[in-house]
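> generate a structure from the sequence data that follows.
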Amino acid sequence: MNKAKQAGADRVRQVVEPAVQAADLYLEDVTVSLAGSRSVVRITVDLPEDAVGNLDLDAVAEVSREINNALDASDAFPGAYTLEISTPGTSRPLTELRHFKRARGRIVRLTLTDGGSVEGRLREVEDDRLLLTGAPVGSVALDDVTRGAIQVELKRALEADLGPEMAVDENPGAIAPNDEEV
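So this is what the prediction gives:
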């Protein structure tokens, strides 16, 4: 990023960080780029590292209003701009300790410094070690990881959307002992 863009991003960060913190969120990233005659301000927010789960759209909408108000009230960004607020999403590479802490409960694929890889459910992060279940090893030192990535679980996502009582049936058409035929 060139110096002018970085300076603009730093000014925006200083203005919006109090609004993000007031919403009990974490300011993950700020970028500023040009799109024709307008600037595009992209802000990525996330839950604090000790939180498990996802940031809901209502919270994103509320912090977006507060960020917009803070930018409008400041002189940090002259001229017209488009503001984009997002969350990191599952495609974010896991490169920092806080990223791994936020990924607890998810299946992760870890690329190791020795060139190998490990995949398992990230149970906990303790003393700079990643504790895994369902992996050939029970834990991996964070220093031994060059990169991590969350693996998308479609079945788990469906269960979360439908609720446990509507979990995906491994044997469709079968009637369980407690089910009633209608």
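> find the residue at the geometric middle of the chain.
Centroid-nearest residue in the chain, with Cα atoms, centre = their mean: Pro88, separated by 3.7 Å.
> hmm, who's touching the longest helix along the chain?
Scanning the chain for the longest helix, with DSSP state H as the assignment, gives helix 3-22. Contacts to helix 3-22, defined as Cβ atoms under 8 Å, 6 or more residues apart in numbering, come from residues 1, 26-27, 30-33, 39, 41, 43, 45, 63, 66-67, 69-71, 74, 76-77. For the C-beta atoms, the positions are set from N, CA and C on the backbone; glycine is no exception.
> sec struct for Pro78, please.
coil (DSSP: H, G, I helix; E, B strand; the rest coil).
> and it, how many residues sit next to it?
8 (other Cβ atoms under 10 Å).
> one more: Gly8?
Per other Cβ under 10 Å, the neighbour tally for Gly8 reads 22.
> picking up where we left off before, packing partners of the helix or strand just after the longest helix of the chain?
Per DSSP states H and E, the first helix or strand lying C-terminal to helix 3-22 is strand 26-35. If you count contacts as 3 or more Cβ pairs under 8 Å, 6 or more residues apart in numbering; DSSP states H and E, strand 26-35 packs onto helix 3-22, strand 38-46.
> separation between Val125 and Thr31?
27 Å (Cβ to Cβ, to the nearest Å).
> what of Gly116?
For Gly116 relative to Thr31 (Cβ to Cβ), the value is 33 Å.
> those two: which has the busier surroundings?
For Gly116 and Thr31, the more surrounded residue by other Cβ under 10 Å is Thr31, and the numbers stand at 16 against 9.
> hang on, isn't the more buried one packed against Leu83?
No - using Cβ atoms under 8 Å, Thr31 makes no contact with Leu83, being 11.8 Å away.
> so Ser91, which of the three states?
What three-state DSSP gives for Ser91 is coil.
> hmm, I typed the wrong one, I wanted Arg98.
Quick answer, by three-state DSSP: Arg98 is helix.
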